[in-house]
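Q: Turn this into a model:
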Amino acid sequence: MAKVHPQLVSSCTSSKQEVFTLWMKSLIMSTNGCAVFDSNGCIVFRVDNYSHRCTTQICIMDAIGKVLLTIVKKQKFSIFKTWEGYRSTTSTEGGKKKPVFQVRKLMGIRAFLRYLRGYSMCKALIRVGEDKVCEYRMEIKSCKQSCRIIDAHGGLVAEVKRKITTSGVVLGEDVLTMVVEPHIDHSLVMGLVLVM
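A: Okay, here's the model as predicted:
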């Protein structure tokens, strides 16, 4: 078995489009998680859930294991699921951290009609500053394991789909390609993809 040697990546954004490979398997045996590799084959992010398969909290780490983002599942009722993402460096106000993002599954007639066609939609509110929030929409196509993240103006932020090699071979369901547009926080997109 080949050994994986993590290398540090200096920034979580880029001035050009970035392509990542998501391997939906943990690098640690007998745990649940995934690993994210950049176009050079270096580990950028990893997620390992050491104790439970289904949990209400997931941590996204960098290559050396430093927690960058924690995703918490808030469940008021079983049909109204909400996920919140917290940075490890998020400032606290009165001892309580503010979420960097919040994702809700969209409900209603339009959402139900999309569901019948194999789509589901989520709305993500992203905290840009102390008082500024921007909105993203996540279109999830369940039958083809693909997801598109779109900003409020309809522009593509990121896209995830099954990985296809240069020779045209479609890899397994646990290997995905994530394309992130320029000037977008990669760890934030990874958090939104994990909610998917």
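Q: From here on, just use CA atoms for contacts and neighbour counts.
A: Fine.
Q: Please, where are all the strands along this protein?
A: 18-23, 32-37, 43-49, 57-62, 67-77, 80-87, 92-93, 96-97, 101-105, 119-127, 133-141, 146-151, 156-162, 175-180 (DSSP state E).
Q: Redo those strands as CSV? Include distance to residue 189.
A: Putting the strands of the chain into CSV (distance: least, CA to CA, whole Å) gives the following:
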stretch, distance to residue 189
strand 18-23, 11
strand 32-37, 12
strand 43-49, 11
strand 57-62, 11
strand 67-77, 11
strand 80-87, 11
strand 92-93, 23
strand 96-97, 20
strand 101-105, 10
strand 119-127, 11
strand 133-141, 11
strand 146-151, 8
strand 156-162, 7
strand 175-180, 8
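Q: TSV for those strands, including mean pLDDT, distance to residue 193 and mean neighbour count?
A: TSV is the format used below for these (pLDDT from 0 to 100; distance: least, CA to CA, whole Å; neighbours: other CA atoms under 10 Å):
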stretch	mean pLDDT	distance to residue 193	mean neighbour count
strand 18-23	91	10	21
strand 32-37	86	11	21
strand 43-49	84	12	23
strand 57-62	86	11	21
strand 67-77	80	11	16
strand 80-87	82	12	19
strand 92-93	52	25	9
strand 96-97	74	22	12
strand 101-105	82	11	21
strand 119-127	76	11	20
strand 133-141	83	9	19
strand 146-151	86	8	20
strand 156-162	90	8	20
strand 175-180	91	9	22
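Q: number of nearby residues for residue 169?
A: 9 (other CA atoms under 10 Å).
Q: Can you give me the distance of it to residue 150?
A: Using CA to CA, to the nearest Å, we find residue 169 at a distance of 28 Å from residue 150.
Q: and if you look at residue 84?
A: Per CA to CA, residue 84 is found 18 Å from residue 150.
Q: just residue 178 next, same as before
A: 14 Å.
Q: Residues that sit against both of those two, list them.
A: residue 158 (CA atoms under 8 Å, 6 or more residues apart in numbering).
Q: Now residue 148. Nearest residue, chain neighbours left out?
A: residue 159 (4.4 Å; CA to CA, 6 or more residues apart in numbering).
Q: hey, what's the one you found bridged with?
A: residue 148, residue 179 (DSSP bridges).
Q: same question, residue 70
A: Beta-bridge pairing for residue 70 (DSSP bridges): residue 59, residue 86.
Q: mind checking how far it is from residue 41?
A: Residue 70 is 24 Å from residue 41, by CA to CA.
Q: re the thing from before, is it true that the residue nearest to residue 148 touches residue 149?
A: Yes. The pair formed by residue 159 and residue 149 meets the contact definition of CA atoms under 8 Å, at 6.2 Å.
Q: any common contacting residues for those two?
A: By CA under 8 Å, 6+ apart, no residue touches both residue 159 and residue 149.
Q: What separation is there between residue 155 and residue 22?
A: Using CA to CA, residue 155 is found at 23 Å from residue 22.
Q: Nothing else from me, thank you.
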